[in-house]
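*Asks:* sequence first, then the predicted structure:
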Amino acid sequence: MKKSKYSELQVFGILKEQEQGKSVIEICRNHGITQGTFYRWKSKYSGMESSDIQKMRELESENSKLKKLYAERCLEIEALKDVLSKKLVKPSGLREIVNFIRHTYNLSERKSCLAIGISRRSYRYKSKKNDDELIFVLTQISEEHPGYGFWKLYHKIRNLGYGWNHKRVHRVYVALKMSIRRRIRKRLPSRIKENIQIPLRSDECWSMDFMSDSLYDGRRFRILNIADDYNRELLSMEVDTSITSARVVRVLDQLKQQGRKPQRIRVDNGPEFISKTLQLWAQENKVHIQYIQPGKPTQNSLIERLNKSCRDELLNMYVFKNLQDAEEKANQWWIEYNYNRPHEALGNISPKEYKYKMKQSII
């Protein structure tokens, strides 16, 4: 806010000139102010003496200090609310809370320690424990036996003659982040075995599966194959280094825009296929997802047979320089497979030709 060039005492003197008989226009012209400013001063300071102005200035100063104190208290209260959920057990935990408050709310060390209830001496304390020998022994044993967990390492250390107790060894073990991550297999719901039946018409049942291969520089890439079980037509062949469930849904939406939507899709239990993203898409589009039993790829044998042809005729035949080269060769094979390649199960004709032939026979 812009500060006025007139002090309260000067304003009080200007207002006194009107009481001495001068007109408002003359007063405003002499002091270079507008009539609106004059009447605003008059409404604020009318009936006041110079001593009253001094008291008002003191009250404003005190009010400013109270506002600042109130803001600091509110900040301390907010800081305490944020740390109420934390379990304050050890001094090390209290030090972490004080650091959190200082950096987040920009409070001083004294106020932060006072709010949490820890002395500044305890806050500044630095541990004098020397764990260099323990760290060396623990690191050496873990490198020799990378599959050992904490208790194996601890008993190994005790057998070597060291007297460190398990609490000290565990503290160093955790500080070095040596914990072995457990691999917990995700529990899958029981799947019902369903025999494969060749559909009688197009877009009645599709099959989906992933393949993987590597480029010349060693980078891995994946291929998503989507086929129509009716005439073994390869509907989509998506190539990329990473294909998520959202990408799978996007490919299915592209096929839907082309007028292709199945009644059901047969897939395995891969993470992309059991994701909520694909299940939500299937629910919205009224498509049944048929899952095969885990570890039974023969229950999805139609797409597995297509994958074998893709592996023998494409992936094993070429060395791909980069991802673009893999996409170009995959697109060429896709066209060859659908339009020209003879298929034994279709009477040695291509999938497109078989579909056209069956359509003509119905007509």
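*Replies:* Yes, it's here.

*Asks:* point to the helix or strand of the protein where mean pLDDT is at its lowest.
*Replies:* helix 8-19 (a mean of 72; mean pLDDT, DSSP states H and E).

*Asks:* which helix or strand lies directly C-terminal to that one?
*Replies:* helix 24-31 (DSSP states H and E).

*Asks:* helices or strands up against that following helix?
*Replies:* helix 8-19, helix 35-45 (3 or more C-beta pairs under 8 Å, 6 or more residues apart in numbering; DSSP states H and E). (C-beta placed from N, C-alpha, C; glycine too.)

*Asks:* can you name every helix or strand that the least confident helix or strand of the chain contacts?
*Replies:* helix 24-31, helix 35-45, helix 50-83.

*Asks:* strands of the stretch 151-300 of the chain, start to end?
*Replies:* 205-214, 220-228, 233-240, 264-267, 288-291 (DSSP state E, counting those that start in this stretch).

*Asks:* can you list the buried residues in the second one?
*Replies:* Using 16 or more other C-beta atoms under 10 Å as the test for burial, strand 220-228 gives 221-228.

*Asks:* equivalent analysis for the third one, please.
*Replies:* Of the residues in strand 233-240, those buried under the neighbour-count criterion (16+ other C-beta under 10 Å) are 233-239.

*Asks:* turn those residues into TSV, columns for pLDDT and distance to residue 117.
*Replies:* Output for the buried residues of strand 233-240, formatted as TSV (pLDDT from 0 to 100; distance: C-beta to C-beta, whole Å):
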residue	pLDDT	distance to residue 117
233	92	73
234	93	69
235	93	67
236	92	64
237	93	65
238	93	60
239	94	61
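
*Asks:* okay, those residues in JSON lines with distance to residue 177 next?
*Replies:* JSON lines is the format used below for the buried residues of strand 233-240 (distance: C-beta to C-beta, whole Å):
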{"residue": "233", "distance to residue 177": "52"}
{"residue": "234", "distance to residue 177": "47"}
{"residue": "235", "distance to residue 177": "47"}
{"residue": "236", "distance to residue 177": "43"}
{"residue": "237", "distance to residue 177": "43"}
{"residue": "238", "distance to residue 177": "38"}
{"residue": "239", "distance to residue 177": "38"}
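
*Asks:* pick the one among those closest to residue 270.
*Replies:* residue 238 (14.2 Å; C-beta to C-beta).

*Asks:* pretty sure that closest one is touching residue 249, no?
*Replies:* No - if you go by C-beta atoms under 8 Å, residue 238 and residue 249 don't touch, sitting 11.8 Å apart.

*Asks:* which residues does stretch 139-153 contact?
*Replies:* By C-beta atoms under 8 Å, 6 or more residues apart in numbering, the residues outside stretch 139-153 that reach it are 138, 156-157, 169-170, 173, 176, 178-180.

*Asks:* make a PyMOL selection of the buried ones in those.
*Replies:* To isolate the buried subset of these in PyMOL, counting by 16+ other C-beta under 10 Å, use the following:
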select buried, resi 138+156+157+169+173+178
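
*Asks:* save the contacts of stretch 139-153 as a markdown table, and put in distance to residue 13 and pLDDT too.
*Replies:* Below are those laid out as a markdown table (distance: C-beta to C-beta, whole Å; pLDDT from 0 to 100):
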| residue | distance to residue 13 | pLDDT |
| --- | --- | --- |
| 138 | 83 | 90 |
| 156 | 91 | 90 |
| 157 | 88 | 91 |
| 169 | 82 | 91 |
| 170 | 79 | 92 |
| 173 | 80 | 90 |
| 176 | 77 | 86 |
| 178 | 80 | 83 |
| 179 | 79 | 79 |
| 180 | 84 | 73 |
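
*Asks:* chain center to stretch 212-231: distance?
*Replies:* 27 Å (C-alpha atoms, centre = their mean, to the nearest Å).

*Asks:* when you give positions from now on, start the count at 11
*Replies:* Understood, numbering begins at 11; the last thing we discussed is stretch 222-241.

*Asks:* end to end, how far does it reach?
*Replies:* 24 Å (C-alpha to C-alpha, to the nearest Å).

*Asks:* could you give the mean pLDDT of it?
*Replies:* Per-residue pLDDT over stretch 222-241 has a mean of 93.

*Asks:* do the same with stretch 88-108
*Replies:* For stretch 88-108, the per-residue pLDDT averages 69.

*Asks:* end-to-end on that stretch?
*Replies:* End to end - C-alpha to C-alpha - stretch 88-108 spans 14 Å.

*Asks:* for residue 120, give me its contacts.
*Replies:* Residues near residue 120 by C-beta under 8 Å, 6+ apart: residue 130.
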